[in-house]
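Colleague: compute the structure for the input listed below.
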Amino acid sequence: MNCVIYARYSSDSQREESIDGQLRECQSYAERRGLTVLQTYIDRARTGKNDNRPAFQQMIADSKKNLFDVILVWKLDRFSRDKYDSAHYKFTLKNNNVRVISATEPIDETPEGQLMESIFEGFAAYYVAELAVKVNRGLTENALKCKFNGGSVPFGYKIDADQCFQIDPVSAPVVREVYVDYADGLTIQAIVNKLNDKGIRTSRDGNLTINVVTHMLKNRRYIGEYKYKDVLVENAFDSIISNDLFDIVQEKMQKNKKAPARKKEIDESFILTTKLICGKCGAFMAGESGTGKSGKKHYYYKCSHAKNKKTCDKQAIKKDWIENLIFAATMEILNNQDLINYLVDTLYEMRNKESSELPLLQQQLSEVEKAANNILNAIQQGVLNEFTKTRLDELTERKEQLETAILQEIITKPSIPKEQIHFWIDGFRKLDTKNHDNQKRIIDIFVNAVYVYDDELKISFNYKDGVKHLGLREFEGSSLECSGAPNGANLNFSAICFFSNMMAVAIKTSNCTRQSTRSN
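Modeller: Numbers count the residues shown, from 1 in each chain. Down below sits the predicted model:
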């Protein structure tokens with residue numbers, strides 16, 4: 001079986017050793033499993049919170065060529081840290097007959113494995129606060145000194161060797177011109193056209209756009225204000241714009257502000273987003289709304305191919321009806337004590353396995369501390385010069401980076417007692433089941449996929465033998481033949497919804513194989 005390896009690290013503060021470690025683990029896994037590695041795709045200093053990653057996109061495109069069967073990653077968070085991106089791209093890969101495998105996390109394609117993957121994400125939330133405090137300690141110290149903390153440098157400023165903001169004599173006059181022009185009555189579009197005609201480029205060598213200029217006109221850094229989270233310092237550095245001019249511009253922008261056109265709300269309030277799949281063509285069913293002749297709003301899930309490509313004739317299905325039905329079926333899982341005990345045992349075993357990365361990080365930390373002690377001993381013996389000072393600063397910075405990386409590794413995979421795991425899972429039973437966020441949370445973790453046919457639902461749960469077939473004609477209120485939007489409806493993707501009381505639904509369970517289970 002052929003495979004490719006995908007490796008990624010998130011920021012410039014991490015080093016090439018991170019990629020080397022990921023590739024080493026993946027190569028070792030491939031050898032043990034008899035996989036043939038054809039290629040590696042690597043994204044450096046790219047976050048996994050979005051899909052703006054060149055190598056990642058190239059890998060997804062290459063999956064259509066049917067050259068490889070498996071994408072091997074060190075950990076699943078290397079593939080994506082965003083669950084919607086993850087669901088979307090795994091669905092794309094599934095259609096290309098490619099699956100994603102973690103080399104260090106024992107998560108397989110069984111429903112239990114999918115549930116483990118979902119619950120891992122839930123556990124991370126318990127430790128994110130502590131992690132944030134540790135990781136951001138140095139950033140907060142920088143903020144108190146009004147130093148640059150990463151990200152984009154505001155147009156008009158530059159960063160000096162001490163990581164402090166300094167006015168850029170080349171671009172700062174452009175900022176002043178933008179403010180004066182807007183205060184004098186020019187529109188943002190007119191300002192954009194004027195700057196582009198002059199050949200002015202952004203710091204990334206791109207054209208000026210409405211968004212760039214709008215952000216420029218709202219940026220309080222231009223009046224010397226420094227803000228990082230809870231740290232706010234006025235007159236932190238030299239200002240480009242006077243306070244009076246800034247206030248004039250803000251007042252004018254407020255007056256010129258039009259009521260924004262109502263955007264299509266994201267479908268997060270549709271709790272089956274990325275879970276509901278058309279049984280006819282295999283496409284995702286997305287949330288949409290329609291307004292009837294009476295002015296009443298109606299909410300549905302509709303096959304994306306039927307909506308956009310007109311290549312499927314699957315009818316839309318009522319939102320509240322199907323969500324209540326699936327949620328009621330999901331709640332049955334939480335009342336199965338044998339299943340809960342099984343999950344606790346499995347999670348406990350998986351979470352308490354040793355980290356393969358931690359020993360390497362600890363070894364590197366030991367070497368850095370030893371080198372730093374040698375420098376300190378030299379200084380105590382009178383060897384103090386520019387080299388020893390610079391070297392000691394480098395080692396101190398590296399020590400802080402390694403301590404942060406070690407803490408991240410420990411927090412990412414902490415040792416958790418069985419009682420805590422049991423308490424966490426049991427907590428779902430005590431949630432307010434009429435609360436939208438609680439319903440969404442439960443669905444996200446326990447439901448893998450729901451296949452919608454004209455006369456049947458096939459629900460794939462994230463647990464052993466977790467496939468249920470529901471004959472839709474059994475349930476009052478299905479009315480599939482008339483479940484589309486009313487005649488004269490104006491359809492648009494929208495997601496404003498308030499849940500009605502959850503229906504009491506009796507679910508008939510049949511013993512089915514897992515062959516229809518969707519790979520996540």
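Colleague: L272 contacts Y301, doesn't it?
Modeller: Yes: between L272 and Y301 there is a contact under CB atoms under 8 Å: 6.6 Å. Placement of C-beta: from N, CA and C, glycine included.
Colleague: anything in contact with each of those two?
Modeller: Listed as contacting both L272 and Y301 by CB atoms under 8 Å, 6 or more residues apart in numbering are 285, 322.
Colleague: so, low pLDDT: which residues of the stretch 201-350 of the chain?
Modeller: Low-confidence segments of the stretch 201-350 of the chain, defined by pLDDT under 70, span residues 258-268, 308-309, 350.
Colleague: if we go to 90?
Modeller: For the stretch 201-350 of the chain, applying pLDDT under 90 flags the ranges 201-208, 211, 227-231, 252-275, 279-300, 304-317, 320-321, 324-350.
Colleague: so where do the helices sit in it?
Modeller: 210-218, 243-256, 304, 319-334, 337-351 (DSSP state H, counting those that start in this stretch).
Colleague: of the ones you listed, which is nearest S18?
Modeller: When those are ranked by distance to S18, counting by CB to CB, first place goes to helix 337-351 at 22.5 Å.
Colleague: can I get that closest one in CSV? Just the C-alpha atoms.
Modeller: What follows is helix 337-351, C-alpha atoms only, in CSV (Å, rounded to 0.1, in the frame of the first residue of the first chain):
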residue,chain,number,x,y,z
GLN,A,337,-23.6,2.0,31.2
ASP,A,338,-21.8,-1.0,29.7
LEU,A,339,-20.7,1.2,26.7
ILE,A,340,-19.6,4.0,29.1
ASN,A,341,-17.5,1.6,31.1
TYR,A,342,-15.9,0.4,27.9
LEU,A,343,-15.1,3.9,26.8
VAL,A,344,-13.6,4.8,30.1
ASP,A,345,-11.3,1.8,30.1
THR,A,346,-10.2,2.4,26.5
LEU,A,347,-9.6,6.1,27.0
TYR,A,348,-7.6,5.5,30.2
GLU,A,349,-5.3,3.1,28.4
MET,A,350,-4.7,5.4,25.4
ARG,A,351,-4.2,8.6,27.4
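Colleague: helices or strands up against that helix?
Modeller: Contacts defined by 3 or more CB pairs under 8 Å, 6 or more residues apart in numbering; DSSP states H and E place helix 337-351 against helix 111-135, helix 418-426.
Colleague: got the angle for the following helix or strand past the last one vs helix 418-426?
Modeller: Meaning helix 418-426. Toward the C-terminal end, the helix or strand that comes next after helix 418-426 (DSSP states H and E) is helix 436-446. Taking axes from the mean of the first three to the mean of the last three CA atoms, to 10 degrees, helix 436-446 and helix 418-426 form an angle of 120 degrees between their directions.
Colleague: next secondary structure after helix 436-446?
Modeller: Later in the chain than helix 436-446, the nearest helix or strand by DSSP H and E is strand 447-452.
Colleague: pLDDT on that following strand, on average?
Modeller: Computed over strand 447-452, the mean pLDDT rounds to 88.
Colleague: note down every partner strand of it and its orientation.
Modeller: The partner list of strand 447-452 in its sheet, established with DSSP bridges, is strand 276-278 (parallel), strand 456-461 (antiparallel).
Colleague: ranking the ones you listed by burial, who's on top?
Modeller: A comparison of the strands paired with strand 447-452 by mean neighbour count, using mean count of other CB atoms under 10 Å, puts strand 276-278 on top with a mean of 22.
Colleague: show residues contacting that strand.
Modeller: Defining contact as CB under 8 Å, 6+ apart, one finds that strand 276-278 is touched by 283-285, 301, 303-306, 312, 314, 322, 449-452, 518.
Colleague: for these, which one is nearest V178?
Modeller: Proximity of the contacts of strand 276-278 to V178 was ranked by CB to CB; the top entry is S304 with 41.1 Å.
Colleague: if you drop the residues flanking it in sequence, what lies closest to the closest one?
Modeller: Ranked by CB to CB, 6 or more residues apart in numbering and with sequence neighbours excluded, the top spatial neighbour of S304 is A283, at 4.8 Å.
Colleague: mind listing what the one you found touches?
Modeller: 277, 303-305, 312.
Colleague: ok, back up a step: now for the contacts of strand 276-278: which two are most distant?
Modeller: By the measure CB to CB, A306 and R518 form the most distant pair in these, at 19.4 Å.
Colleague: surely V4 is in a strand?
Modeller: Yes: with DSSP: H, G, I helix; E, B strand; the rest coil as the criterion, V4 is assigned to a strand.
Colleague: that one is in contact with V73, isn't it?
Modeller: No: V4 sits out of contact with V73 when judged by CB under 8 Å, with a separation of 10.0 Å.
Colleague: deepest of the helices of the stretch 201-350 of the chain, which one?
Modeller: Sort the helices of the stretch 201-350 of the chain by mean neighbour count, taking mean count of other CB under 10 Å, and helix 319-334 sits at the top with a mean of 21.
Colleague: CA atoms of that helix as PDB?
Modeller: Coordinates of the C-alpha atoms in helix 319-334 are reproduced here as PDB (Å, rounded to 0.1, in the frame of the first residue of the first chain):
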ATOM      1  CA  LYS A 319     -34.300  21.000  10.400                       C
ATOM      2  CA  ASP A 320     -36.000  20.700  13.800                       C
ATOM      3  CA  TRP A 321     -37.600  17.400  13.000                       C
ATOM      4  CA  ILE A 322     -34.400  15.600  11.900                       C
ATOM      5  CA  GLU A 323     -32.200  17.200  14.600                       C
ATOM      6  CA  ASN A 324     -34.600  16.200  17.400                       C
ATOM      7  CA  LEU A 325     -34.800  12.700  16.000                       C
ATOM      8  CA  ILE A 326     -31.000  12.300  15.800                       C
ATOM      9  CA  PHE A 327     -30.500  13.900  19.200                       C
ATOM     10  CA  ALA A 328     -33.000  11.600  20.900                       C
ATOM     11  CA  ALA A 329     -31.200   8.600  19.300                       C
ATOM     12  CA  THR A 330     -27.800   9.900  20.500                       C
ATOM     13  CA  MET A 331     -29.000  10.300  24.100                       C
ATOM     14  CA  GLU A 332     -29.600   6.600  24.200                       C
ATOM     15  CA  ILE A 333     -25.900   6.100  24.000                       C
ATOM     16  CA  LEU A 334     -25.400   7.900  27.300                       C
END
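Colleague: need the per-residue pLDDT for the residue nearest in space to the middle of the chain.
Modeller: Among the residues of the chain, the smallest C-alpha distance to the mean C-alpha position (CA atoms, centre = their mean) belongs to D82, namely 2.3 Å. You'll see D82 listed with a pLDDT of 71.
Colleague: same thing with Q364?
Modeller: According to the model, Q364 carries a pLDDT of 87.
Colleague: give me phi/psi at it?
Modeller: Dihedral pair for Q364: phi -60, psi -40, per degrees, to the nearest 10.
Colleague: and if you look at N97?
Modeller: phi 60, psi 40.
Colleague: ok, it to E349 distance?
Modeller: Using CB to CB, to the nearest Å, one obtains 31 Å as the distance from N97 to E349.
Colleague: kindly report the same for V178.
Modeller: From V178 across to E349, the span is 60 Å (CB to CB).
Colleague: thanks a lot, see you next time.
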